[in-house]
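Asks: Test case, fold it:
(chains A and B)
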There are 2 protein chains.
Amino acid sequence: MLDRATAVTGQDGAYRAGLDAGWVVGGGVNGGYLLAVAAQALGAELADRPDPVALSAYYLSASRPGPADVDVRVLREGGSTATAAADVSQDGVARLSVLATFGDLGRQADDVRTTAVRPDLPPPEECVSHRDATPEEFLDASPLLRRFDLRFDPAALGWARGRPDDSGVLTAWFRLEDEREPDPLALLLAVDALPPVTFTFGAMGWAPTLELTAHVRARPAPGWLLVTHRTRNMAGGLFEEDCEVWDAAGRLVAQSRQLARLPR
Amino acid sequence: MLDRATAVTGQDGAYRAGLDAGWVVGGGVNGGYLLAVAAQALGAELADRPDPVALSAYYLSASRPGPADVDVRVLREGGSTATAAADVSQDGVARLSVLATFGDLGRQADDVRTTAVRPDLPPPEECVSHRDATPEEFLDASPLLRRFDLRFDPAALGWARGRPDDSGVLTAWFRLEDEREPDPLALLLAVDALPPVTFTFGAMGWAPTLELTAHVRARPAPGWLLVTHRTRNMAGGLFEEDCEVWDAAGRLVAQSRQLARLPR
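Replies: Purely as a prediction, here's the structure:
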C-alpha cells in the first residue's frame, strides 16, 4: 500500500508520481507521505545509495491528490553518501522543496552509544487505537487516519477527551495499516503521523509545517515503532516539534524536528 | 567585522562573496560563518522579509578563503514569509546548498509559552574564556577562535584538561570579538561556534557537519548569548548535536540541530 502509493516513474532527474487520495488529512496531502514520495524519486536517482540519511523539506503550498512532478538535481556524489535536491510540483505550482543526503545504512559502523532513553508505554495490546477513539465521519474526512494504527496509553489521552494535560508530549505505538514492516521509507511517515503536539495544550487546530528535517539513523527492526513528539518553545506564532522513533529492538532509529505554525 | 566578512554583492539571484581567512577552523571555513554568508545573499534577494526564520544547510565540500558564488532561487513568495534555495560554490565546485524561509521577526506575534528552561551558568566574568584556555599556536592555526569570546564554567571544563565527563553537554556564553550586539545573522554563527559536543566524551577530533538546520525564533536582546550543545544519539558513525541559544533577556532565540560524523 505504502510502496504503491509512493511509487515514481522516470529517470535522469525527471520523475512523476501520483499523489494518492488515501493520504489526505485536513487541508491537503500528509506531509510525511509527501516526503516519502520525494524520497522515492531521490532514491531512484541515487540508486547505489538507497537509504535516506538526512532530509530537509520546506512545504510551499498544500498538495492535492493527483499527478505530481518530482525534479531531482544531484549536488554531490562520491564517498559513502550523496546529496541531491528534489522539487515537487503540481501543474507547475511548487509544493515541496527538499535537500537530502542518501547513503547505505546497511554498511554503517555498528557503534551505538545512545544516551537517550526510550519512553515507557504499556504494550500495544493494552493501548487505545486512534481508530477506535475517532468518530467515523472524521476518519472519512481524513483518510490518512486509516493508513496506520496509532496506539496511545489510555492514561495519557486526556487531550482527546477535552482534558489537555499541558505536557507538550505525545507518545504512541505506530504500525502501517497492512502491517507492512517498517523501513527507512516508513520512518519518513512515522515522523509526521501523530497529531500535532499542541493538542496536549487543548489547541486542536491544524498546525501547518513550514520545515521538517528528518535523520534516519538505522534500518528499523520488524515490529511496532514507538514514536514521541515534544515541543519546548511555543512562541511568536510558531512551535518546534521534535520527534523520536524507536524500533522494536529498542534502537533510536529516527529523529526529526519541524517548525510549524501554532493553531489559531 | 562580521558584517564586512559576510557581505555580498550582486542582484537577481547571482551574488558574490569573499570568504574571509579569519574564519578558518581546522580543515576549512567555519560552517556557521558560511551559513551567514548564504543568509546575506538570501536576505538581499528577499529584501522585504529580512530575517532568517528557518535554514537547512547541506555541506558538500570544505570551503577555502577566497571568492565564492552564491546563486539564489526564489521558490515561494507571498504572505508573511518567503522560501528560497541558495547554492554556494567556489570555482564551480559546490560547497554548500541551503533551503531557507525568511520573514520579519519584528512583526511576529508576541506570545511566548516556552517550557524549556535556560541552563544555569555562572556570570561571564566568573567563567573562563576559551582564548585564555587555548594555546597561542592553536589560536593561530584556527583564526576562527579569535572571532568571538566563549566563556565556560571552570567547574565544567574537564574535557579541556584531559578529564572528559561523558555528559554530552556543553554550555558557554558567546559574544562576538568586537562586542557587536547579536542579531539573527550572529545567531547563525552562535549555533556552530562551540567545540563539538563529542569533546565531552574525550573524542577531540574534528566532527564534519553533514547537515545543519537552524530556527531563528526571535531577534535577540543586546548582551551575551548563552549557548548549549547536547547529543543523545551517537551511533553508526554519526551523532546529532542540538543547540539552543538564549539571549540576555532569557528568551530562547534560536534552536538548531546538526548531523555530524563522529571523530575517528
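Asks: list the contacts for A:Leu150?
Replies: Applying C-beta atoms under 8 Å, 6 or more residues apart in numbering or on different chains, we find A:Leu150 in contact with A:Ser129, A:His130, A:Ala172, A:Trp173, A:Phe174, A:Ala193, A:Leu194. For every residue, glycine as well, the C-beta is placed using N, CA and C.
Asks: Report all helices and strands that the helix or strand where the fifth one lies contacts.
Replies: Secondary structure here is read from DSSP states H and E; on that basis A:Phe174 sits in strand A:169-176. Using 3 or more C-beta pairs under 8 Å, 6 or more residues apart in numbering or on different chains; DSSP states H and E as the contact definition, the elements that strand A:169-176 packs against are strand A:148-152, helix A:184-190, strand A:225-230.
Asks: what lines up beside it in the sheet?
Replies: strand A:148-152 (antiparallel), strand A:225-230 (antiparallel) (DSSP bridges).
Asks: do you know which of these lies nearest A:Glu179?
Replies: Proximity to A:Glu179 (C-beta to C-beta) singles out strand A:148-152 among the strands paired with strand A:169-176, at 8.6 Å.
Asks: How far does that closest one sit from its chain's centre?
Replies: 14 Å (C-alpha atoms, centre = their mean, to the nearest Å).
Asks: Kindly report the same for stretch A:69-85.
Replies: Offset of stretch A:69-85 from its chain centre (C-alpha atoms, centre = their mean): 21 Å.
Asks: hmm, it touching chain B?
Replies: Yes: counting by C-beta under 8 Å from any C-beta of the partner chain, chain B has neighbours in stretch A:69-85: A:Leu75, A:Arg76, A:Thr81, A:Thr83, A:Ala85.
Asks: which outside residues touch that stretch?
Replies: Contacts for stretch A:69-85 (C-beta under 8 Å, 6+ apart): A:8, A:10, A:13-17, A:37-38, A:41-42, A:44-46, A:49, A:53, A:86-90, A:97-104, A:107, B:58, B:60-61, B:85, B:87, B:94, B:97, B:210.
Asks: sorry, back to before: mean neighbour count, the helices and strands packed on strand A:169-176: which tops it?
Replies: helix A:184-190 (a mean of 26; mean count of other C-beta atoms under 10 Å in any protein chain shown).
Asks: Kindly export that helix (C-alpha atoms) in CSV.
Replies: Extracted in CSV, the C-alpha atoms of helix A:184-190 (Å, rounded to 0.1, in the frame of the first residue of the first chain):
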residue,chain,number,x,y,z
PRO,A,184,13.6,3.9,6.2
LEU,A,185,10.7,4.9,3.9
ALA,A,186,8.1,4.1,6.6
LEU,A,187,10.1,6.1,9.1
LEU,A,188,9.5,9.3,7.0
LEU,A,189,5.8,8.7,7.5
ALA,A,190,6.2,7.9,11.2
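Asks: nearest to A:Asp111, of the strands paired with strand A:169-176?
Replies: Using C-beta to C-beta, the nearest of these to A:Asp111 is strand A:225-230, at 22.1 Å.
Asks: what mean pLDDT does the closest one have?
Replies: The average of the pLDDT scores along strand A:225-230 is 98.
Asks: picking that back up, figure out which of the helices and strands packed on strand A:169-176 is closest to A:Ala248.
Replies: Ranking the helices and strands packed on strand A:169-176 by proximity to A:Ala248 (C-beta to C-beta) places strand A:225-230 first, at 7.5 Å.
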